[in-house]
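>>> Please work out how this folds:
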Amino acid sequence: MSQILEISNTVLDEVISVRRDIHAHPELDLDNPKTQNRILESLEGLPLEITTGENLTSVIADLKGTKTSEGSTVLLRADTDALPMDEDSGETFCSVEPGRAHACGHDAHTAMLVGAAKVLSEMRDRFSGTVRFMFQPGEEGAGGAQIMIDEGVLKNVTRAFALHVTPNLPTGFVACRPGAMLASTDELKVTVTGQGGHASTPHLCADPILPMASMINSIQTSVTREINAFDPALVTIAHVVAGTTTNVIPEKAFFEGTIRCVSENTRSQIKESVIRVCDQIAKAHKCSADVTITEGYPVTVNDANEAARFALLCEKTIGEGSFFEFPSPVMGGEDFSYLLEKVPGVMAFLGVCPEDIVDSLSAPPCHSNRMRINESALLYGVALHTAVALEGG
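Alright, predicted model coming up:
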């Protein structure tokens with residue numbers, strides 16, 4: 001076991017305790033006051049300069065190294081918010097808040113960063129400059145990262161790092177890749193308007209359901225025919241609404257979904273294609289289409305040099321064979337992407353497959369109501385945050 005792992009192991013029990021407390025009391029979006037208080041309570045007594053957010057319940061904690069008088073600022077980030085869903089994991093510390101659950105591991109992210117703050121506070125003589133601990137609400141769609149950027153979280157920052165847990169990697173393994181790591185996340189909403197009437201006289205109507213069905217199919221065709229297969233796009237239509245009964249042709253039909261891309265070029269191309277396809281199909285059926293595409297998070301792009309640096313650091317810290325490179329991007333999205341647009345850095349995935357599941361690919365994934373993690377893996381997260389900070393100083 002490396003020295004950093006040994007030191008990190010001394011705070012593991014407290015890290016697990018913090019994680020379970022936050023897990024049981026999940027909070028949504030940008031307003032996480034209980035979580036913020038738990039973080040502040042956990043950091044009390046440490047040699048940190050702490051500020052809280054103005055427009056969200058964030059916490060920024062700066063730790064100054066004492067190795068030399070000069071140095072850069074390395075940012076370590078954890079997200080704090082939960083998901084609007086029920087939990088059925090069966091854990092003894094399940095969510096006590098109906099309709100709220102930490103099913104994406106943000107409770108673990110927060111606890112690991114608290115642990116790293118404690119470890120690094122005892123190692124200030126090992127680094128120069130500043131380590132900035134960024135506890136961020138609002139990752140799940142609310143764009144908390146951009147708000148914190150606007151409030152100055154990146155001031156003087158030269159590098160940024162974040163971990164995301166996943167039950168679908170074995171415990172003890174870590175993965176990332178250079179370049180595109182996660183996809184952009186745009187929302188598509190289409191309302192097709194025709195002319196309603198009796199189901200027995202469609203010739204007197206303009207049925208919006210047929211063009212809607214054609215649009216959904218044709219959008220998938222445009223992805224395979226217009227988009228470079230080596231620079232992919234993914235369009236999923238997940239919600240469709242039309243009609244109220246069997247003998248009425250409705251005036252309107254509606255569908256919505258998500259658009260995921262791993263380059264800004266393809267992101268722009270697929271938007272143009274979707275608008276054109278929907279418009280032309282609607283006209284062919286004597287209908288109109290109102291297409292709205294709302295931009296979400298940009299592509300999360302890992303700096304190539306930082307990714308290579310992290311791979312070596314991971315093997316040194318956790319052990320030989322612990323790191324592997326993802327062969328392709330993950331089509332999920334992250335607002336850590338906003339930070340990586342401004343400064344070089346890395347987001348990596350930490351394996352936390354539960355002990356009782358042999359095949360990690362069969363474990364309930366992030367966003368599952370049955371998601372569980374192996375809490376012993378939090379040790380590796382604390383150690384990696386610590387190692388990244390020390391490497392920077």
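>>> Can you give the contact residues for stretch 318-335?
Residues outside stretch 318-335 that contact it (CB atoms under 8 Å, 6 or more residues apart in numbering) are 2, 5, 138-139, 143-146, 162, 164, 172-185, 234, 260, 262, 296-297, 300, 311, 314-315, 347, 349, 366, 380, 383-384. C-beta coordinates here come from the backbone N, C-alpha and C atoms, glycine included.
>>> 7 Å - rerun?
139, 143-146, 172-177, 180-185, 234, 260, 262, 296-297, 300, 311, 314-315, 347, 380, 383 (CB atoms under 7 Å, 6 or more residues apart in numbering).
>>> ok, now stretch 151-162?
For stretch 151-162, with CB under 7 Å, 6+ apart as the criterion, the contacting residues are 53-55, 60, 72-77, 132, 134, 306, 336, 339-340, 342-347, 388, 392.
>>> One more: stretch 47-64?
30-33, 36, 39-40, 43, 117, 120-121, 124, 130-138, 144, 147-148, 151, 153.
>>> roughly how far out does stretch 351-365 sit from the chain middle?
Distance of stretch 351-365 from its chain centroid, counting by CA atoms, centre = their mean, to the nearest Å, is 19 Å.
>>> Would you mind measuring the gap between the ends of stretch 75-90?
With CA to CA, to the nearest Å as the measure, stretch 75-90 spans 35 Å from end to end.
>>> Would you mark the buried spots in it?
L75, L76, R77, A78, D79, T80, D81, A82, L83, M85, E87, S89 (16 or more other CB atoms under 10 Å).
>>> again, but for stretch 298-306
Those would be P298, V299, T300, V301, N302, D303, E306, for stretch 298-306 by 16+ other CB under 10 Å.
>>> Repeat that for stretch 199-206.
C205, A206.
>>> Please, where are all the helices along the stretch 1-150 of the chain?
3-9, 12-24, 33-43, 106-121, 144-150 (DSSP state H, counting those that start in this stretch).
>>> winner for burial among those?
Greatest average neighbour count among the helices of the stretch 1-150 of the chain goes to helix 106-121 (a mean of 27), per mean count of other CB atoms under 10 Å.
>>> elements contacting it?
Helix 106-121 is packed against helix 3-9, helix 12-24, helix 33-43, strand 59-64, strand 73-79, strand 130-136, strand 157-166, helix 378-392, with contacts defined by 3 or more CB pairs under 7 Å, 6 or more residues apart in numbering; DSSP states H and E.
>>> ok, residues contacting that helix?
Residues from elsewhere that reach helix 106-121, judged by CB under 7 Å, 6+ apart: 7-8, 11, 14-15, 18-19, 22-23, 35, 39, 42-43, 46-48, 61, 63, 76, 78-82, 131, 133, 135, 139, 163, 165, 373, 378, 381-382, 385-386, 389.
>>> tell me how far the ends of stretch 166-183 are from each other?
17 Å.
>>> Can you give the distance of that stretch from its chain's centre?
That offset, for stretch 166-183, works out to 12 Å (CA atoms, centre = their mean).
>>> Drop anything exposed from the contacts of stretch 151-162.
By 16+ other CB under 10 Å, the contacts of stretch 151-162 give 53, 60, 73-77, 132, 134, 306, 336, 339-340, 343-347, 388, 392 as buried.
>>> just checking, what packs against the helix ranked longest in the chain?
Across the chain, the longest stretch assigned as helix under DSSP state H is helix 264-284. Applying 3+ CB pairs under 7 Å, 6+ apart, we find helix 264-284 packed against strand 184-193, helix 209-226, strand 233-242, strand 252-261, strand 288-294.
>>> got the angle for the second one vs helix 264-284?
In other words, helix 209-226. 150 degrees (axes from the mean of the first three to the mean of the last three CA atoms, to 10 degrees).
>>> Over to the fourth one?
Going by the same axes, to 10 degrees, strand 252-261 is angled at 160 degrees with respect to helix 264-284.
>>> how much distance is there from strand 252-261 to the middle of the chain?
21 Å.
>>> Need the pLDDT of the closest residue to D125 other than its chain neighbours.
Distances taken as CB to CB, 6 or more residues apart in numbering put T66 closest to D125, at 5.2 Å, once the chain neighbours are dropped. Model confidence at T66, expressed as pLDDT, equals 92.
>>> so T66 touches R124, yeah?
Yes: contact criterion CB atoms under 7 Å: T66 and R124 qualify, at 4.6 Å.
>>> which of those two has more neighbours?
Set T66 next to R124 and count neighbours by other CB atoms under 10 Å: R124 wins out with 16 against 12.
>>> tell me the contacts of the more buried one?
L63, G65, T66.
>>> Look up phi and psi at the second one.
Comment: the main-chain dihedrals of G65 come out as phi -80, psi 160, following degrees, to the nearest 10.
>>> where's it relative to G152, distance?
G65 sits at a distance of 21 Å from G152 (criterion: CB to CB, to the nearest Å).
>>> Repeat that for the first one.
Noted for L63: a distance of 17 Å to G152, by CB to CB.
>>> neighbour-wise, which of those two wins?
More crowded of L63 and G152, by other CB under 10 Å: L63, with 24 against 12.
>>> Excluding residues flanking it in the chain, which one is nearest the more buried one?
V131 (4.6 Å).
>>> okay, now V174: neighbour count?
24.
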